[in-house]
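[1] have a look; sequence and predicted model below, questions after that.
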Amino acid sequence: MPRAVALVAVLLVACAHGWVSERLYCGRSIPGGGMVSDEEWTRFVAEVVTPRFPDGLTIWRADGQWREGEQIVREPVMILEVLHRGDPASRASIEAIAQEYRTRFRQSAVLRVTSPARATFVTQ
């Protein structure tokens with residue numbers, strides 16, 4: 001049994017040092033009225049996101065929907081995706097970005113999706 005535990009520990013460490021894909025789904029509707037403007041989003045990315053992940057990230061616009069009771073709610077969403085090595089500092093940075101978005105734009109939640117990833121650059 002100790003051997004199996006050691007194997008699991010080695011596998012967990014190996015996974016922890018692989019690539020991780022993190023996505024944050026940031027709703028643009030502000031509770032009580034209004035929308036996060038393009039200018040506000042751009043400022044948020046410049047002030048909060050880019051300093052934490054200066055090597056690169058991807059952002060795209062989407063339309064989200066979910067069920068709230070019997071009602072379907074739809075809203076425009078900005079999706080932020082970052083690939084990182086799964087280290088504690090990167091994970092903490094993603095959490096800080098989500099929390100700052102929640103606070104700054106009075107959001108009840110930001111959806112965070114974390115997945116292991118295999119990342120390579122195709123150069124030829």
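    Thanks, I have it.

[2] for this protein, just list every one of the strands.
    Shown for the chain, the strands assigned by DSSP state E span residues 19-27, 58-68, 71-84, 111-117.

[3] sheet partners, orientation included, of the last one?
    Each strand that pairs with strand 111-117, with its direction, by DSSP bridges: strand 19-27 (antiparallel).

[4] buried sites along the partner strand?
    Residues of strand 19-27 classed as buried under the neighbour-count rule (16 or more other Cβ atoms under 10 Å) are 20-22, 24-27. Heads up, the C-betas are built off the backbone N, CA and C, glycines and all.

[5] got the angle for it vs strand 58-68?
    Between the direction of strand 19-27 and that of strand 58-68, the angle (axes from the mean of the first three to the mean of the last three Cα atoms, to 10 degrees) works out to 60 degrees.

[6] pull the CA atoms of strand 19-27 into CSV?
    Output for strand 19-27, consisting of C-alpha atoms alone and laid out as CSV, is shown next (Å, rounded to 0.1, in the frame of the first residue of the first chain):
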residue,chain,number,x,y,z
TRP,A,19,0.2,22.9,-18.5
VAL,A,20,-3.1,24.0,-17.1
SER,A,21,-5.8,25.9,-19.0
GLU,A,22,-7.8,28.3,-16.9
ARG,A,23,-11.0,30.0,-18.2
LEU,A,24,-12.9,32.8,-16.5
TYR,A,25,-16.4,33.5,-17.7
CYS,A,26,-17.0,37.2,-16.8
GLY,A,27,-20.6,38.3,-17.3
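
[7] got any ranges where the protein has weak pLDDT?
    When residues are selected by pLDDT under 70, those of the chain lie in 1-17.

[8] related to what we said a few turns ago, what would the strands of the chain look like in CSV with distance to Q99?
    Written out in CSV, the entries for these read as follows (distance: least, Cβ to Cβ, whole Å):
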stretch, distance to Q99
strand 19-27, 11
strand 58-68, 18
strand 71-84, 14
strand 111-117, 10
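
[9] looking at those, which is closest to M35?
    Taking Cβ to Cβ as the criterion, strand 71-84 is the member of those that comes nearest to M35, at 7.3 Å.

[10] same for the closest one, what does it pack against?
    Contacting strand 71-84 under the criterion 3 or more Cβ pairs under 8 Å, 6 or more residues apart in numbering; DSSP states H and E are the following elements: strand 19-27, strand 58-68, helix 88-104.

[11] fine by me, thanks again.
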